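Enquirer: predicted model follows, preceded by the sequence.
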Amino acid sequence: MANAAFSRGPADLVVRGRIASFGHGAGWGWAEGAAVAGGRVVAVGPWSEVAVRVGRRTRVVELAPDEVLLPGLTDAHCHLVDAARAAAELDLRSATSLADGLAAVVEHDPRLPPGRWLLGRGWAVHRWGTWPTAADLDRAAPGRPVALWSQDHHALWASSTALAAAGIGPEAPDPPGGRIVRGADGRPTGLLLERAAGLVAAVIPEPTADETAELVAAFVPRLLELGLVGVQDPGPVRPDPTLGRLAIYARLDEAGRLPVRVEASVRLEALDAALAAGLRSGAPLGPTGRVRFGWLKCFADGALGSRTAALLEPYAVPVVGPARGIWQTAPAELAEAAERASRAGIAVQIHAIGDAAVRAALDALAPTVGRTQAAPRIEHVQLVDPADLPRFGRAGIVASVQPAHLVTDAEPALAAWGDRARRVGYPWRSLAVGGALLAFGSDAPVESLDPWPGVEVAVTRRDPERASDVLLGEAEGLDLEAAIRAAAIGGPRSIGAIDRGHLGPGARADAIVVPAAAVEEPVQPGGPLGRIRPRLVLVDGAVVFEP
């Protein structure tokens, strides 16, 4: 065994019970014991081979018969800072109508001091059946600057006071890659699509770096409670030309307040700053090595919910923007940015939801493969033309997908994209069969941070709350092992970290203890897999969560 390459001294920690090591190949790789020393797995296999590592100071964790040790999960697409901030803002995800949303605004408004911005997110036109307006907010919170992001974060609903603060009047031009929605009289309605939302976002007072660091530190325990040992932050949900978030993560790491791994990306607006700082994908940003620089994040198109995803054919429903969606970044500009960044050692991830955007992203990223430690990635990949499916595996471009979106988007996808959604929507199995590396994420705060319902949905293709409903293309479901691999190994492999996401010899000892029944076939919608809560979480072999 590969165990022979390691010292035979006593381990710091030994786990005895059912262990799914995964290793480098296919299969669960069931073992009876695992030993950890210096933060790494130094032995895994039959108990007789592991027991010899138990010394006087070794902590021994005995798993119950109904428990199993798995690799910890990495959320490959979590806007960590934004999720931490969102926890303190108005959440409209449970509002099922415009009236519900306005009632929540009315209730929240008196809690804020005069002049303070009322911020929130989570509304969706497909739930409400109508587009909201500034006039609605002016009645609910008179005189208040209000900015409420849609659930997909690609549309902003603003009050008249917020519009005035941003200088958005009847004569304001649409910014490149954005649309100021106007009424029949030519006046802004209060709805801002894509880069037009940045006009208001730019005038919203930002929390200080100290305030943001405290929000993140307070939020991180939620990751551990869910079995997440790592996060790949694709950068701010709003345009940001700075490297400020990288410094916040590095500061928390240095202070010993970041017990998870973070790969932090920056947006295209910050490319010059990243190049000037000499950043390279995979390079450490903090003293422990847990915080690293990730990717340059570019946006090709918009989103399904706001009906701004870029399509090869027009939308099947009325839209308030262009009939085939909005290009946030033109295909030629995507290719130029990918070339410039990758030549300097910075890998690129491109937000692409519609089939036209996915094709443009593949075209832009294919020439950059192999130049950087991290692999190029396409984020979301919700609608793919069949001709483009095998291009991911052939080129070595990662498909970074968020299974929870399928539950939220199935009905609006059918309405907006018609039969295309059923034929080529959320094609996870087809991507995997074509050789693509899948990396699962949550897209928090757009969706819930909890990874386990998404892992379940990736297998069942059914709504956990309505098990009888197939959510677009049952044949695109993954088997259980492939789904957990995508949630555990996909993110680390995409950054070039082959020693994470599994429990083979030499791997980082990032692991979770979960109920065995949750990872047994067959997977049932609404079953134990989607409700996992770990009993124990290890990072670098240290216990970081134990309720």
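Expert: Happy to help now that I have it.
Enquirer: show me the protein divided up by domain.
Expert: 2-72+505-545, 88-201 (automatic domain parsing).
Enquirer: make TSV out of the ones you listed and add distance to Gly496, mean pLDDT and mean neighbour count.
Expert: Where C-beta positions appear, they are placed from N, C-alpha and C, glycine not excepted. Formatted as TSV, the domains of the chain follow (distance: least, CB to CB, whole Å; pLDDT from 0 to 100; neighbours: other CB atoms under 10 Å):
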stretch	distance to Gly496	mean pLDDT	mean neighbour count
domain 2-72+505-545	13	92	19
domain 88-201	28	94	19
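Enquirer: in contact with the most centrally placed residue in the chain, which residues are there?
Expert: The C-alpha lying nearest the average C-alpha coordinate of the chain belongs to His77 (CA atoms, centre = their mean; 2.0 Å). With contacts defined as CB atoms under 8 Å, 6 or more residues apart in numbering, His77 is in contact with 232, 234, 379, 400, 402, 439, 441-443.
Enquirer: try 10 Å this time
Expert: Listed by CB atoms under 10 Å, 6 or more residues apart in numbering, the contact set of His77 reads 231-234, 265, 349, 351, 377, 379-380, 400-402, 439-444, 446-447, 491.
Enquirer: ok, Arg144 next?
Expert: 105, 108-109, 112, 114-118, 137-138, 159-162.
Enquirer: which SS state does the residue nearest to the centre of the chain fall under?
Expert: Counting by DSSP: H, G, I helix; E, B strand; the rest coil, the backbone at His77 sits in coil.
Enquirer: what sits closest to it if chain neighbours are left out?
Expert: Gly441 (2.8 Å; CB to CB, 6 or more residues apart in numbering).
Enquirer: can you give me every residue that contacts the one you found?
Expert: Gly441 touches 73-79, 231-234, 379-380, 400-405, 447, 451, 454, 486-487, 490-491, counting by CB under 10 Å, 6+ apart.
Enquirer: packing partners of the helix or strand harbouring Glu379?
Expert: Assessed by DSSP states H and E, Glu379 sits inside strand 377-380. On a contact count with 3 or more CB pairs under 10 Å, 6 or more residues apart in numbering; DSSP states H and E, strand 377-380 meets strand 291-299, strand 348-352, helix 355-365, strand 398-401, helix 490-494.
Enquirer: 6 Å - rerun?
Expert: strand 348-352, strand 398-401 (3 or more CB pairs under 6 Å, 6 or more residues apart in numbering; DSSP states H and E).
Enquirer: for Asp253, find the nearest of those strands.
Expert: strand 348-352 (21.9 Å; CB to CB).
Enquirer: strand partners (parallel or antiparallel) of that closest one?
Expert: Paired neighbours of strand 348-352 in the sheet (DSSP bridges): strand 291-299 (parallel), strand 377-380 (parallel).
Enquirer: now it: average pLDDT?
Expert: Taken as a whole, strand 348-352 carries a mean pLDDT of 98.
Enquirer: in strands, which of the contacts of Arg144 appear?
Expert: Secondary structure defined by DSSP state E assigns Leu118 of the contacts of Arg144 to strands.
Enquirer: ok, back up a step: what's the most buried one of the strands paired with strand 348-352?
Expert: With neighbours defined by mean count of other CB atoms under 10 Å, none of these is more surrounded on average than strand 377-380, at a mean of 28.
Enquirer: which residues are in contact with it?
Expert: With CB atoms under 6 Å, 6 or more residues apart in numbering as the test, strand 377-380 has contacts from 349-353, 361, 398, 400, 494.
Enquirer: Ile19 - that's part of a strand, no?
Expert: Yes - judged by three-state DSSP, Ile19 forms part of a strand.
Enquirer: which of the contacts of Arg144 sits closest to Arg251?
Expert: For the contacts of Arg144, the nearest to Arg251 is Trp117 (25.7 Å; CB to CB).
Enquirer: what number of residues lie near Glu474?
Expert: Glu474 is flanked by 11 other residues according to other CB atoms under 10 Å.
Enquirer: what residues are up against it?
Expert: Applying CB under 6 Å, 6+ apart, the residues near Glu474 are Arg461.
Enquirer: which stretches of the stretch 401-547 of the chain aren't confidently modelled?
Expert: The stretch 401-547 of the chain contains residues with pLDDT under 70 at 468.
Enquirer: C-alpha coordinates for the helix ranked longest in the chain, PDB please?
Expert: In the chain, taking DSSP state H as the definition, the longest helix is helix 209-225. Output for helix 209-225, consisting of C-alpha atoms alone and laid out as PDB, is shown next (Å, rounded to 0.1, in the frame of the first residue of the first chain):
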ATOM      1  CA  ALA A 209     -13.300  46.100   6.100                       C
ATOM      2  CA  ASP A 210     -13.400  45.600   9.900                       C
ATOM      3  CA  GLU A 211     -17.200  45.300   9.800                       C
ATOM      4  CA  THR A 212     -17.100  42.800   6.900                       C
ATOM      5  CA  ALA A 213     -14.400  40.700   8.600                       C
ATOM      6  CA  GLU A 214     -16.600  40.400  11.700                       C
ATOM      7  CA  LEU A 215     -19.600  39.400   9.600                       C
ATOM      8  CA  VAL A 216     -17.600  36.700   7.800                       C
ATOM      9  CA  ALA A 217     -16.100  35.400  11.100                       C
ATOM     10  CA  ALA A 218     -19.600  35.100  12.600                       C
ATOM     11  CA  PHE A 219     -21.000  33.400   9.500                       C
ATOM     12  CA  VAL A 220     -18.300  30.700   9.100                       C
ATOM     13  CA  PRO A 221     -19.600  28.400  11.800                       C
ATOM     14  CA  ARG A 222     -22.700  27.800   9.500                       C
ATOM     15  CA  LEU A 223     -20.400  26.300   7.000                       C
ATOM     16  CA  LEU A 224     -19.000  23.800   9.400                       C
ATOM     17  CA  GLU A 225     -22.400  22.900  10.700                       C
END
